[in-house]
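[1] Pasted the sequence and its predicted model underneath.
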Amino acid sequence: MTATDARSAAAPDQASAPVLTPTLGRRLRASRGRIVIGVVAIVVAVLGVLIAGQSAQQRPPLDPASATPTGAKALVEVLRAHGVDVRPATTLEQAADAAADAAPDQVTIAVYDPNRFLPVAKLAGDDRLAERTVLIAPPKGMADALRAAGRDVAVIRTASVLENQHIAEGGNAGEAIRLLGGTRVLVWYTPGLSDLGVTAPKTIADLTPPWVTPLIVLAALIVAAAAAWRGRRFGALVIEDLPVVVRASEALEGRARLYQRSDARLTALDAVRMGAVGRLATRLGLGPGAAVTDVCAAVAARLRLDPAGVRGTLLDAEPRTDAELMELTRRVAALEASVTGSNQPGEWHR
């Protein structure tokens, strides 16, 4: 069978077979629920990272729990590894409570007050604090006031040497451990607004009614459930035939218009040839599986015609214009009629 035979045999099957491969638009419409859920998850993750990053950046300098470059977590972890119990405090009361359960000679209090919240007289006059005090970048006069009150005072002039980004430089780590790790307990005291007797401004969380948070959580759960409900597909889509009857003439005219619009003259002629070859094979007793070349030879022998001319009509000739298409179609019809005896044998090649 030649290439034209294969094309002729495949044309009707391709035309009648339904297109089952989903297009890009169908895939997007079918997956829009999953896409929405994915986008929401990505947005939530990005917002979480940004909020966490801003929260980390808003930590004060030398925060013992901060791993940022300006925090002091590296030094605190090293001190704890050396057996020192580091206790953070942000108010004078917290500092006094942290030092209360240990012997006075086993407690060191490190004071870092970059905002100058703690009055010097208040710190010097509180006898509940440890006798050994380490001042980190203190204001002028604080060390002298504490010494006058009988305290053992050590001073670290620059706070940056204790930061995570500088603690490993030079001898910073060793000097810090020597000053801060000499006792069993270290109270890391960073004064806040309460040490001034000033009430801190209320945050959004303080101003928000208690029922708002559960409502937000409930709304988030409802949105997630709705997204899962609308976005989930239980298996692949099923294609069902609609109860519509299309008349054969309408299908024929529609296909003809498509061929005409795309100038598919050879495809249209092949459709005519395919039907004629099948009917000729049946009438000549060759069977439906006969090759086109065998049908051409049998037709030429039956009608005593030139085999090359018959082959050109049924197989080889290709129309270049609409007029040639109509002429070849008429010749195919005349040849088929001649075989059945309805026309004269030589009419088909005029």
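    Looks like it came in fine. Residues are numbered from 1 along each chain as shown.

[2] where does Leu286 fall, phi/psi-wise?
    Torsion angles at Leu286 (phi, psi; degrees, to the nearest 10) stand at phi -90, psi -20.

[3] Hmm, Val292 and it touching each other?
    No - if you go by Cβ atoms under 8 Å, Leu286 and Val292 don't touch, sitting 10.6 Å apart. In this view, the C-beta of every residue, glycine as well, is placed from N, C-alpha and C.

[4] More neighbours: which of these two?
    Taking other Cβ atoms under 10 Å, Leu286 and Val292 do not tie; Val292 has more neighbours (21 against 17).

[5] so the more buried one makes contact with Val310?
    No - Val292 lies out of contact with Val310 (Cβ under 8 Å); the separation is 10.6 Å.

[6] Any regions of the stretch 1-150 of the chain where pLDDT drops low?
    Counting by pLDDT under 70, the stretch 1-150 of the chain has low-confidence residues at 1-31, 48-58.

[7] Swap in 90 and give it another go.
    Low-confidence regions of the stretch 1-150 of the chain, defined by pLDDT under 90, span residues 1-62, 65-68, 70, 90-92, 95-96, 98-105, 114-132, 139-143, 145-150.

[8] What are the boundaries of the strands in it?
    According to DSSP state E, counting those that start in this stretch, the stretch 1-150 of the chain carries its strands in the segments 85-89, 107-112, 132-136.

[9] Adding distance to Leu335 and mean neighbour count, write these out as TSV.
    Below are the strands of the stretch 1-150 of the chain laid out as TSV (distance: least, Cβ to Cβ, whole Å; neighbours: other Cβ atoms under 10 Å):
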stretch	distance to Leu335	mean neighbour count
strand 85-89	103	19
strand 107-112	107	24
strand 132-136	109	24
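
[10] export the ones you listed to TSV and tack on distance to Thr208?
    As requested, the strands of the stretch 1-150 of the chain are arranged in TSV below (distance: least, Cβ to Cβ, whole Å):
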stretch	distance to Thr208
strand 85-89	27
strand 107-112	32
strand 132-136	36
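
[11] Those strands: which one's closest to Cys296?
    In terms of Cβ to Cβ, the element of the strands of the stretch 1-150 of the chain nearest to Cys296 is strand 85-89, at 99.6 Å.

[12] Can you tell me which helices and strands the stretch of helix or strand Ala276 belongs to packs against?
    Following DSSP states H and E, one finds Ala276 within helix 265-283. The contact analysis (3 or more Cβ pairs under 8 Å, 6 or more residues apart in numbering; DSSP states H and E) places helix 265-283 against helix 3-16, helix 248-261, helix 292-303, helix 322-340.

[13] what angle sits between that helix and helix 292-303?
    With axes from the mean of the first three to the mean of the last three Cα atoms, to 10 degrees defining the directions, helix 265-283 sits at 60 degrees from helix 292-303.

[14] Also compute the angle for helix 265-283 relative to helix 248-261, please.
    Interaxial angle, helix 265-283 versus helix 248-261 (the same axes, to 10 degrees): 140 degrees.

[15] Off-centre distance for helix 265-283?
    Computed by Cα atoms, centre = their mean, to the nearest Å, the chain-centroid distance of helix 265-283 equals 53 Å.

[16] Now it: average pLDDT?
    For helix 265-283, the mean pLDDT works out to 87.

[17] Then stretch 287-305?
    For stretch 287-305, mean pLDDT rounds to 86.

[18] Report the residue ranges of every domain in this protein.
    Here the domain parsing of the chain from automatic domain parsing is 25-52, 73-196, 247-349.

[19] circling back to that earlier point, buried set for the helix holding Ala276?
    265-274, 276-277, 280-281 (16 or more other Cβ atoms under 10 Å).

[20] quick one, it and helix 322-340 angle?
    Here helix 265-283 runs at an angle of 0 degrees relative to helix 322-340 (the same axes, to 10 degrees).

[21] excluding its backbone neighbours, what's nearest Pro307?
    Leaving aside its chain neighbours, Pro307 sits nearest to Ala300 (4.1 Å; criterion: Cβ to Cβ, 6 or more residues apart in numbering).

[22] Run through the residues that contact the one you found.
    Ala300 makes contact with Asp306, Pro307, Gly309, Val310, Arg311, according to Cβ atoms under 8 Å, 6 or more residues apart in numbering.
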